[in-house]
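A.B. asks: Here is a sequence with its predicted model. Questions after.
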Amino acid sequence: MLILGIAACGDMYDVHEKYLKMGEETYLGIASDLEANSGFNRIELKWKLNADPRINASIISWEGCETPIEVPISADRDVNDYISKIIDLSEGKYIFSIINKSETGKESLIQTISGEVYGEGNGIPFREEDSGCLNWTSLRACYPTAKRTAETLCISYASQCQIETLIIRPCHIYGPFFTPKDDRVYAQLIRNAVADEDILLKSTGLRQRSWCYVVDCVFALLYVLLKGETGNAYNIADVRSNTSICEFAEMVALKSGRKVVFDIPDNAVSNPPDISKTILSTDKINEIGWFPLWNLEEGISHTLNTFV
């Protein structure tokens, strides 16, 4: 047993000897207080550096990054100030690595932080938990901002007062019996058809939307009230009716025997929509048993027939 013990100590010394011969290694100061601020198709990374005078650059990389980004570091920087870098990226979740380097090739230990870049969904339908993208400085932002605020107030009130609460998010709903003041695009298209006029579009109509017939929407409202789980949000849409405004107009024209014509004002080009594709996922409401009955062709036909 004594011989084995000596042999083990000898092996351990050999390991230590290997690293002693390599000499002392002094690393550069690390990036600290890392922050990742999400944006639309971009992200801002922020970090602080100590007073280590050898640091002359911070190197940022992530999985899929072909060329790491080098951020020059000033020698007279204030250690209390953040270093920041905005990176343009496609939508997704990323893990970023930041390592500091010196002119002589010395490096710091790697620091990592995760971050998410928002986008339009990359063709993926929006789920209830998706935040999507929003340009806060756009005039159009007031509407979705107000809806988000209302949902937060609803959940807060329910929590405080201990009452059951459900949030329902309908897509673009169409059908008969809309009011004369309804200026939504589908209502304008139906009015054209009822008046035996060509179907007029004042845009290219390329925006993709989720649609749902009004009867199916009412059915969904009642279904969620009866079957939904309190405190949850549910999308309402007919995935069979996901289509562009132009295709919706063409269906109205087909069913009314008219044609689609375009009258695009000049300011339509300078004021484009923030989001070109608003397709909702219905997986959650389907899981509790709701499915629509009327497809787009049937819904438009029924809508036009109510005016006969």
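C.D. replies: Structure received.

A.B. asks: Run through the helices of the stretch 51-200 of the chain in chain order.
C.D. replies: For the stretch 51-200 of the chain, applying DSSP state H, counting those that start in this stretch gives helices covering 142-161, 185-194.

A.B. asks: any idea which of the ones you listed is most buried?
C.D. replies: Neighbour counts (mean count of other CB atoms under 10 Å) averaged over each of those peak at helix 185-194, with a mean of 19. For glycine as for every other residue, the C-beta is placed from the backbone atoms N, C-alpha and C.

A.B. asks: Alpha carbons only: can I get it in PDB?
C.D. replies: The C-alpha atoms that make up helix 185-194 are tabulated as PDB, following Å, rounded to 0.1, in the frame of the first residue of the first chain:
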ATOM      1  CA  VAL A 185     -60.500  47.000 -46.100                       C
ATOM      2  CA  TYR A 186     -62.800  43.900 -46.300                       C
ATOM      3  CA  ALA A 187     -65.900  46.200 -45.700                       C
ATOM      4  CA  GLN A 188     -64.900  48.500 -48.600                       C
ATOM      5  CA  LEU A 189     -64.400  45.500 -50.900                       C
ATOM      6  CA  ILE A 190     -67.800  44.100 -50.000                       C
ATOM      7  CA  ARG A 191     -69.400  47.500 -50.600                       C
ATOM      8  CA  ASN A 192     -67.900  47.600 -54.100                       C
ATOM      9  CA  ALA A 193     -69.300  44.100 -54.900                       C
ATOM     10  CA  VAL A 194     -72.800  44.900 -53.500                       C
END
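
A.B. asks: roughly how far is it from the heart of the chain?
C.D. replies: Computed by CA atoms, centre = their mean, to the nearest Å, the chain-centroid distance of helix 185-194 equals 32 Å.

A.B. asks: helices and strands around it, which ones?
C.D. replies: strand 172-174, strand 199-201, helix 245-256, helix 296-305 (3 or more CB pairs under 8 Å, 6 or more residues apart in numbering; DSSP states H and E).

A.B. asks: what's in contact with the second one?
C.D. replies: Read it as strand 199-201. Strand 199-201 is contacted from outside by 188-189, 192-193, 245-246, 249-250, 252-253, 256, 258-264, using CB atoms under 8 Å, 6 or more residues apart in numbering.

A.B. asks: ok, 6 Å please
C.D. replies: Outside strand 199-201, the residues within contact range by CB atoms under 6 Å, 6 or more residues apart in numbering are 189, 192, 249, 252-253, 258, 260-263.

A.B. asks: And the last one, by the same measure?
C.D. replies: Counting by CB under 6 Å, 6+ apart, the neighbours of helix 296-305 from elsewhere in the structure are 175-176, 213, 241, 251-252, 255.

A.B. asks: rewinding a little: now the helices and strands packed on helix 185-194 in JSON lines, with mean neighbour count, mean pLDDT and distance to residue 281?
C.D. replies: Converted to JSON lines, the helices and strands packed on helix 185-194 look like this (neighbours: other CB atoms under 10 Å; pLDDT from 0 to 100; distance: least, CB to CB, whole Å):
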{"stretch": "strand 172-174", "mean neighbour count": "20", "mean pLDDT": "95", "distance to residue 281": "15"}
{"stretch": "strand 199-201", "mean neighbour count": "20", "mean pLDDT": "92", "distance to residue 281": "27"}
{"stretch": "helix 245-256", "mean neighbour count": "20", "mean pLDDT": "94", "distance to residue 281": "20"}
{"stretch": "helix 296-305", "mean neighbour count": "18", "mean pLDDT": "96", "distance to residue 281": "18"}
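
A.B. asks: Next, format the ones you listed as JSON lines and append distance to residue 125.
C.D. replies: What follows is the helices and strands packed on helix 185-194, written out as JSON lines (distance: least, CB to CB, whole Å):
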{"stretch": "strand 172-174", "distance to residue 125": "14"}
{"stretch": "strand 199-201", "distance to residue 125": "25"}
{"stretch": "helix 245-256", "distance to residue 125": "17"}
{"stretch": "helix 296-305", "distance to residue 125": "17"}
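
A.B. asks: Residue 145 is nearest to which of those?
C.D. replies: Smallest distance to residue 145 across those (CB to CB): 19.1 Å, for strand 172-174.

A.B. asks: for that closest one, the distance to its chain's centre please.
C.D. replies: Worked out by CA atoms, centre = their mean, strand 172-174 lies 23 Å from the chain centre.

A.B. asks: who touches it?
C.D. replies: 186, 209, 211-212, 214, 217.
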